[in-house]
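> Pasting a predicted model and its sequence here:
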Amino acid sequence: MTLTVNDLRVHYRTLRGEVRALDGVSFGIADGEILGLVGESGCGKTTLGKSLIRLDGRMRHAGGSITLDGEDVPIADDRAMNAFRFRRISLVPQYSMSAMNPTRRIGRMIRELLAARGAEVDTPELHRRLALVGLEPDILERYPIELSGGMKQRTVMVISTLLDPSLLIADEVTSALDVSNQKAVAGALVGLRDRGLVTSMVFITHDLALTSHIADTIMVMYAGLLAEKAPAEVLTTRPRHPYTRRLLGALPQVGVRRSEGRLTGIEGSPPSLLDPPTGCRFRDRCPLADDQCADRPPVVEVAPRHHVACWKA
Ligand SMILES: Nc1ncnc2c1ncn2[C@@H]1O[C@H](COP(=O)(O)OP(=O)(O)OP(=O)(O)O)[C@@H](O)[C@H]1O
């Protein structure tokens, strides 16, 4: 098992109190696995990705543990985390395309980045990796502004995986791209995994349809908690959580049979994480909710590798 996350709690300190962005999340990722992480805006996806790399000044590790390849990941200790960042766990953040230094040619940027970590550029290997994501070696002589959005995104992916991390977290790397670039970037991610340049991956996205094409497993989050996790094919064809069903019902792309052939959408909005309700957090929006849902449902393995947090699943 590459990654084990156990009852992880990460809060944001705000003037109005603590936002419980991750409120007790447990899951694992196996060697070679691509985990698609989906859920509505604000459910905690980015917080989860960031927690595995760096807690910023407003984030607080409120509990739980993470192990990577059997070793404790000290997320609350920023200095100790240096040994993990980039080498063992690497993040392609949201908006990384615009975060590239505009005054550096790509090749120089890569040399400097590796030098800062005591490593050197292996040029033939770098060319091989660029080719793997469909980029020509001449990109190394260019400035970021000279690249298209998709090219920048693929460049960042190569840079993020130069030291062959165990885990790559890709946060909304396809959202700002057109459909053909989305496919190219998603394909490039799978290529990195297939060649063993990264062992496992978390692919964070709003796009459940795209995720279902590249992820082995999909995890659905709702209001800071895990709602459902299952092999991609199972989750998209036989979802058990009413929220996952609604999420799929709101999508035209995924191949789920719907008798009426209509899209349903999801009424209402998720609860505030400043003071989340007790019991099931989806119950105000759930058509199946009854008195039992006033108690928080545990995450139960309803079938092999299929986990659901719902009394009605
Ligand atoms: N810096 C911050 N300060 C306070 N609250 C925050 C901060 N960043 C995120 N939050 C809150 O934490 C919760 C989880 O946010 P997060 O960005 O992880 O969600 P997300 O699922 O990644 O959303 P999106 O898809 O919009 O990126 C939300 O309620 C959000 O408002």
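That came through, no problem. Residues are numbered from 1 along each chain as shown.
> Could I get the buried residue list for stretch 135-154?
Of the residues in stretch 135-154, 135, 139-140, 144, 147, 150-154 count as buried by neighbour count, 16 or more other C-beta atoms under 10 Å. Heads up, the C-betas are built off the backbone N, CA and C, glycines and all.
> Ala289: neighbour count?
Neighbours of Ala289 under the rule other C-beta atoms under 10 Å: 18.
> tell me the SS of it?
Of the three states, Ala289 takes coil under DSSP: H, G, I helix; E, B strand; the rest coil.
> Can you tell me which of the buried residues of stretch 135-154 end up in helices?
Secondary structure from DSSP state H places 150-154 of the buried residues of stretch 135-154 in helices.
> Quick check: pLDDT value at the spatially closest residue to Val38 that is not a sequence neighbour.
Once flanking residues are discounted, Val38 sits nearest to Leu208: 5.2 Å by C-beta to C-beta, 6 or more residues apart in numbering. At Leu208, the pLDDT value in this model is 89.
> so which residue of the stretch 51-200 of the chain comes closest to the ligand?
Closest contact between the stretch 51-200 of the chain and the ligand, by C-beta to the nearest ligand atom, is at Arg58 (4.9 Å).
> ok, that residue touching Thr14?
Yes - between Arg58 and Thr14 there is a contact under C-beta atoms under 8 Å: 7.5 Å.
> quick one on the thing from earlier: what about the residue nearest to Val38, how many residues nearby?
Applying other C-beta under 10 Å, we find 23 residues neighbouring Leu208.
> quick one, strands of the stretch 151-300 of the chain?
Secondary structure of the stretch 151-300 of the chain (DSSP state E, counting those that start in this stretch): strands located at 167-171, 200-204, 217-222, 225-231, 300-303.
> To Ala131, which of those strands lies closest?
strand 167-171 (18.7 Å; C-beta to C-beta).
> which among the buried residues of stretch 135-154 gets closest to Ala303?
The nearest member of the buried residues of stretch 135-154 to Ala303, counting by C-beta to C-beta, is Gln153 at 35.6 Å.
> who's in contact with the residue of the stretch 151-300 of the chain at minimum distance from the ligand?
Using C-beta to the nearest ligand atom, Leu273 is the residue of the stretch 151-300 of the chain that sits closest to the ligand, at 4.4 Å. Each residue near Leu273 by C-beta atoms under 8 Å, 6 or more residues apart in numbering is listed here: 19-21, 23, 42, 44, 223-224.
> Pull the most distant pair out of the residues you listed.
Greatest spacing in the contacts of Leu273, by C-beta to C-beta: Asp23 and Gly42 (12.8 Å).
> neighbour count winner among these two?
Shown here are Asp23 and Gly42; by other C-beta under 10 Å, Asp23 has more neighbours (23 against 17).
> what sits opposite that one in the beta ladder?
Asp23 has the following beta-bridge partners by DSSP bridges: Arg9.
> just to revisit the earlier point, hmm, Gly249 and the residue nearest to Val38 touching each other?
No - if you go by C-beta under 8 Å, Leu208 and Gly249 don't touch, sitting 10.9 Å apart.
> Tell me the residues of the stretch 1-150 of the chain that contact the ligand?
Residues of the stretch 1-150 of the chain lying near the ligand by C-beta under 6 Å from any ligand atom: 12, 14, 19, 21, 39, 41-47, 58.
> Just those: which are in strands?
Among those, the members found in strands (DSSP state E) are 12, 14, 19, 21.
> Next, the angle from the lengthiest helix in the chain to strand 167-171.
Looking across the chain with DSSP H, the single longest helix is helix 179-194. Orientation check (axes from the mean of the first three to the mean of the last three C-alpha atoms, to 10 degrees): helix 179-194 against strand 167-171 gives 170 degrees.
> got any ranges where the stretch 151-300 of the chain has weak pLDDT?
Counting by pLDDT under 70, the stretch 151-300 of the chain shows low-confidence ranges at 251-265.
> and it, which of its residues are near the ligand?
Counting by C-beta under 6 Å from any ligand atom, the residues of the stretch 151-300 of the chain that sit close to the ligand are Leu273.
> again, only this time at 8 Å
Residues of the stretch 151-300 of the chain found near the ligand (C-beta under 8 Å from any ligand atom) are 171-172, 204, 206, 221, 224, 272-273.
> Among the residues you listed, name the buried ones.
171-172, 204, 221, 224, 273.
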